[in-house]
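Colleague: Starting from these lines, generate the structure:
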Amino acid sequence: MPLEAVEARRLYRQVADQLRALIDSGEYRVGSRLPTERDLAEQLKVSRPTVREALIALEVEGRVRIRVGSGIYVSEPAALAPPLPAAAEIEGPFELLRAREFLEGAIAEQAARVATPEDIARIDASLDAMATVQHPGEASMIHDRAFHVAVAGCLDNAVLVRVVGELFDQRLNPYFAKLAHYFENPESWNAALAEHRAIRDAIAAHDPDAARVTMREHLARSQARFAQNFGAEASGVRARSG
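Modeller: Modelled structure (predicted):
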């Protein structure tokens, strides 16, 4: 028998595989509520963001249905989307945001050292545009992306501009889009806009430490916004098997 290539499985996909197998075996029946994210994280010995990424993946497949304020329920098996093949695996939303926090924090720090008045004008233009659009929507994502790309553009490095743009574009993947559906709203947009302005001010003041900190805080707060619980734990709801 020929050997097959061994592919690393992202942790959230391993969690999703376990939960999918339990659903398929009848351990969690259609209509039953899954354990809370906290309970699943404790049982699986993984972080809650990893559990959330797994649940979002299962919802995209049609395996579960998330009801904010109630919990996560097993869906009817009709019209299920097949799991993604390993070669097409998508990075989890929290994995992406952690990578961006690390990379863009360093970029903002350097931007504060080298930004020109023209660079600041480009950042300001993106902020002005952000302030005029409604969120969520396509236009808000375009201007949000323009801000992060404008910060990277201060370094005059086409590779970094491309990488920042491509990482931001991962927000369009189905897992990120599903997560954003639950937690992005005009209030979260206004908070992000205020955080962007703080980053801009630090860069314009040529304060590298403040620029790094404000960018990392912005992306950490983005993770926190996406990590709000769905409501089941807040109300003391527990899983039931039938």
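
Colleague: what kind of secondary structure is residue 72 in?
Modeller: For residue 72, the secondary structure call by DSSP: H, G, I helix; E, B strand; the rest coil comes out as strand.

Colleague: Spatially central, which residue of this protein would that be?
Modeller: Nearest residue to the geometric centre of the chain (C-alpha atoms, centre = their mean): residue 93, 3.0 Å.

Colleague: right, and that one touches residue 226 too?
Modeller: Yes - with contact defined as C-beta atoms under 8 Å, residue 93 reaches residue 226; the gap is 6.2 Å. For the C-beta atoms, the positions are set from N, CA and C on the backbone; glycine is no exception.

Colleague: if we can go back for a sec, can you tell me the closest non-neighbouring residue to the residue nearest to the centre of the chain?
Modeller: Spatially, and ignoring its direct neighbours in sequence, residue 93 is nearest to residue 176 (4.6 Å; C-beta to C-beta, 6 or more residues apart in numbering).

Colleague: Please report the distance of that neighbour from residue 91.
Modeller: Going from residue 176 to residue 91 by C-beta to C-beta, to the nearest Å gives 9 Å.

Colleague: With residue 199 instead?
Modeller: Going from residue 199 to residue 91 by C-beta to C-beta gives 23 Å.

Colleague: Neighbour count: these two, which is higher?
Modeller: residue 199 (28 against 17; other C-beta atoms under 10 Å).

Colleague: Give me the helices and strands touching the helix ranked longest in the chain, please.
Modeller: Longest helix in the chain, counting residues (DSSP state H): helix 93-114. Judged by 3 or more C-beta pairs under 8 Å, 6 or more residues apart in numbering; DSSP states H and E, helix 93-114 is in contact with helix 48-61, helix 138-153, helix 158-169, helix 174-183, helix 186-204, helix 208-226.

Colleague: From the contact counts, what lies against the second one?
Modeller: Counting contacts by 3+ C-beta pairs under 8 Å, 6+ apart, the secondary-structure elements packed against helix 138-153 are helix 93-114, helix 117-130, helix 158-169, helix 186-204.

Colleague: Any buried residues in that helix, and which?
Modeller: Buried residues in helix 138-153, counted by 16 or more other C-beta atoms under 10 Å: 140-141, 143-153.

Colleague: Tell me the one of those residues nearest residue 98?
Modeller: Residue 98 lies nearest to residue 148 out of the buried residues of helix 138-153, by C-beta to C-beta, at 15.4 Å.

Colleague: any idea how far residue 96 is from the closest one?
Modeller: For residue 148, the distance to residue 96 equals 13 Å [C-beta to C-beta].

Colleague: And the contacts of stretch 201-219?
Modeller: The contact list for stretch 201-219 (C-beta atoms under 8 Å, 6 or more residues apart in numbering) reads 97, 100-102, 104-113, 115, 119-120, 123, 151, 154, 192, 195-196, 198-199.
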